[in-house]
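Peer 1: what's the 3D shape of this:
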Amino acid sequence: MILTEETLLWQKRAGIITEAEYKEKLSEVDINLDDKEQAVVDDVKDEMSAILKTMDAELAKASKTTNEGLLTAASIAIALPAIMGLIAKFGKAAGAMVSKMLGKKPSEEDSYQKWMEKLGHIADELHHLYMAPILAITKKFIKEEDIAKKAANAIFHAIVATFLIASGVTAVKALQSKNLSLATLESALSAVKGGELKQFFTGLFNS
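Peer 2: Predicted coordinates for the structure are as follows:
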């Protein structure tokens, strides 16, 4: 049986899988991108690869200053400036590609909803491609698994927030995403705009 969103919904309603299993498996469903959405994702692969390489290198560098070579919630902030610089570069490239392939943010409500739906598809595909590699890197250097997951989640939401801002998005209520927390994304959006990403990161790690 091919795994689709409709299949999972049927399994949940039939009692074959639980609500928690439904949500977990839903994130594994491939996103059916149209050609323009796929073009945006393909165009920013180099920038995403650079972010992953820089994350690995900067976290390794930061870990050398800590006991046992492992990072804590506080010490991870050492690596943030270099990582954020690459994320800003990614956002600029992604924003330019969105403008080229999807057009500028529409002012008409119906067109705006469809435009935001496309951005949600792109964000979900980025999650599908890059969340696991980001988590693999944070788990190399952060002993506590829950903090490693929070770090990876924060970094990914900051990446998406930067991409959305560069695309012209000022609020995320209309974004349709299976894999992102809109509340976390809204916080990341505010932090990027206000230059307070360090506070955003440390706040998530300590929550």
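
Peer 1: number of nearby residues for residue 86?
Peer 2: 20 (other C-beta atoms under 10 Å). The C-beta positions use only the backbone N, C-alpha and C, and glycine is treated the same way.

Peer 1: wait, residue 198 touches residue 80, no?
Peer 2: Yes: with contacts counted by C-beta atoms under 8 Å, residue 198 reaches residue 80, the gap being 6.0 Å.

Peer 1: packing partners for the longest helix along the chain?
Peer 2: If you go by DSSP state H, the chain has its longest helix at helix 109-141. With contacts defined as 3 or more C-beta pairs under 8 Å, 6 or more residues apart in numbering; DSSP states H and E, the packing partners of helix 109-141 are helix 35-43, helix 45-63, helix 145-167.

Peer 1: can I get those in CSV with mean pLDDT and distance to residue 84?
Peer 2: Output for the helices and strands packed on helix 109-141, formatted as CSV (pLDDT from 0 to 100; distance: least, C-beta to C-beta, whole Å):
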stretch, mean pLDDT, distance to residue 84
helix 35-43, 90, 21
helix 45-63, 88, 10
helix 145-167, 90, 7
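
Peer 1: quick one, which of these is packed in tightest?
Peer 2: Highest mean neighbour count of the helices and strands packed on helix 109-141: helix 145-167, a mean of 22 (counted as mean count of other C-beta atoms under 10 Å).

Peer 1: that helix: how far from the chain's middle?
Peer 2: 5 Å (C-alpha atoms, centre = their mean, to the nearest Å).

Peer 1: just the CA coordinates for it, please, in PDB.
Peer 2: C-alpha atoms of helix 145-167 as PDB (Å, rounded to 0.1, in the frame of the first residue of the first chain):
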ATOM      1  CA  GLU A 145      18.700  14.000  23.500                       C
ATOM      2  CA  ASP A 146      15.800  16.400  24.200                       C
ATOM      3  CA  ILE A 147      18.100  19.400  24.000                       C
ATOM      4  CA  ALA A 148      19.700  18.100  20.800                       C
ATOM      5  CA  LYS A 149      16.200  17.900  19.300                       C
ATOM      6  CA  LYS A 150      15.300  21.300  20.500                       C
ATOM      7  CA  ALA A 151      18.500  22.700  19.000                       C
ATOM      8  CA  ALA A 152      17.800  21.100  15.700                       C
ATOM      9  CA  ASN A 153      14.200  22.200  15.800                       C
ATOM     10  CA  ALA A 154      15.200  25.800  16.600                       C
ATOM     11  CA  ILE A 155      17.800  25.900  13.800                       C
ATOM     12  CA  PHE A 156      15.300  24.600  11.300                       C
ATOM     13  CA  HIS A 157      12.600  27.000  12.200                       C
ATOM     14  CA  ALA A 158      15.100  29.900  12.000                       C
ATOM     15  CA  ILE A 159      16.000  28.700   8.500                       C
ATOM     16  CA  VAL A 160      12.400  28.700   7.400                       C
ATOM     17  CA  ALA A 161      11.700  32.000   9.200                       C
ATOM     18  CA  THR A 162      14.600  33.600   7.300                       C
ATOM     19  CA  PHE A 163      13.400  32.200   4.000                       C
ATOM     20  CA  LEU A 164       9.800  33.500   4.600                       C
ATOM     21  CA  ILE A 165      11.000  37.000   5.600                       C
ATOM     22  CA  ALA A 166      13.100  37.100   2.500                       C
ATOM     23  CA  SER A 167      10.100  36.100   0.500                       C
END
